[in-house]
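Engineer: need a structure here:
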Amino acid sequence: MFGTKDKTKDILDSIWCDEYYIVAAREDAPSKGDLKNFFKSKGISLSNEYMAHATNFWGSFYLEVKEEFWPRADVGDVGPFWTFLYGILVYTYSDEAPEWMDIRRASEEFSEMGHNVIPILKVMGNADPYCFNVNGEIVRYSHEEDAFELYDGTFFELLKYEVSELNERRIKKQQEH
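Structural biologist: Just a heads-up that it's a prediction; the model follows:
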């Protein structure tokens, strides 16, 4: 039986230029069994697309526009919201990852707030990550409303959308200078 194809590399290739910096799971990608067990322990369905992404070389990446091309804001800086959204991360199931990317830690933080979800994708600078809910649906958390909104699409559609949006912001940022 054939599994779901990982489309991550194709999505990244569609926007790639030397202005980006990326770190991916590579050899530290989790096994399918470990990922399945984690989702099962939370009572949440694991999508085939997310599994294909997270267990492969380019999975669970951190992607940002390099600071030399997109200077980071200082504390107290103001500006349009989009100007603070310089990167994307896909939470990872790896002991080698920093805590702020660890899917287990992020899931536990939601549990402490009374939500049974697994965060999967976050736009850097935005406090509202995308998650899987107990029905296996992708939802976006609103920290201001402490509520979730359904995303009408698949994991790879979401990934392609957010990577494309980041690229559009990168281009817009370059046009400002």
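Engineer: and residue 94, how many neighbours?
Structural biologist: Here the neighbour count serves as a burial measure; for residue 94 (other CB atoms under 10 Å) it reads 21. C-beta: built from backbone N, CA, C; applies to glycine.
Engineer: Am I right that residue 70 is in contact with residue 86?
Structural biologist: Yes: using CB atoms under 8 Å, residue 70 is in contact with residue 86, at 4.9 Å.
Engineer: Residues that sit against both of the two, list them.
Structural biologist: Shared contacts of residue 70 and residue 86 (CB atoms under 8 Å, 6 or more residues apart in numbering): residue 64.
Engineer: These two: who's more crowded?
Structural biologist: When neighbours are counted by other CB under 10 Å, residue 70 and residue 86 differ, and residue 86 comes out ahead with 23 against 20.
Engineer: Look up how far residue 57 lies from that one.
Structural biologist: Between residue 86 and residue 57 the distance, using CB to CB, to the nearest Å, works out to 24 Å.
Engineer: Where does the prediction get shaky in this protein?
Structural biologist: Low-confidence regions of the chain, defined by pLDDT under 70, span residues 1-2, 177.
Engineer: Spatially nearest residue to residue 30 (excluding sequence neighbours)?
Structural biologist: Spatial nearest neighbour of residue 30, chain neighbours left out: residue 93 (4.2 Å); criterion: CB to CB, 6 or more residues apart in numbering.
Engineer: got a list of what that neighbour touches?
Structural biologist: Taking CB under 8 Å, 6+ apart, we find residue 93 in contact with 30, 34, 35, 38, 54, 60, 102, 103, 104.
Engineer: Can I get the top helix by length along the chain in PDB, CA atoms only?
Structural biologist: For the chain, the helix with the greatest residue count under DSSP state H is helix 155-176. Listed next in PDB are the C-alpha coordinates belonging to helix 155-176 (Å, rounded to 0.1, in the frame of the first residue of the first chain):
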ATOM      1  CA  PHE A 155      -2.200  20.100   6.200                       C
ATOM      2  CA  PHE A 156      -0.400  20.500   3.000                       C
ATOM      3  CA  GLU A 157      -2.800  23.200   1.800                       C
ATOM      4  CA  LEU A 158      -2.200  25.000   5.100                       C
ATOM      5  CA  LEU A 159       1.600  24.700   4.800                       C
ATOM      6  CA  LYS A 160       1.500  25.900   1.200                       C
ATOM      7  CA  TYR A 161      -0.700  28.800   2.100                       C
ATOM      8  CA  GLU A 162       1.400  30.000   5.100                       C
ATOM      9  CA  VAL A 163       4.700  29.500   3.200                       C
ATOM     10  CA  SER A 164       3.300  31.500   0.300                       C
ATOM     11  CA  GLU A 165       2.000  34.300   2.600                       C
ATOM     12  CA  LEU A 166       5.500  34.500   4.200                       C
ATOM     13  CA  ASN A 167       7.000  34.800   0.800                       C
ATOM     14  CA  GLU A 168       4.600  37.600  -0.100                       C
ATOM     15  CA  ARG A 169       5.500  39.400   3.100                       C
ATOM     16  CA  ARG A 170       9.200  39.000   2.300                       C
ATOM     17  CA  ILE A 171       8.700  40.600  -1.100                       C
ATOM     18  CA  LYS A 172       6.700  43.400   0.400                       C
ATOM     19  CA  LYS A 173       9.300  44.000   3.100                       C
ATOM     20  CA  GLN A 174      12.000  44.300   0.400                       C
ATOM     21  CA  GLN A 175       9.900  46.800  -1.500                       C
ATOM     22  CA  GLU A 176       9.800  49.000   1.600                       C
END
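Engineer: Cool, thanks, signing off.
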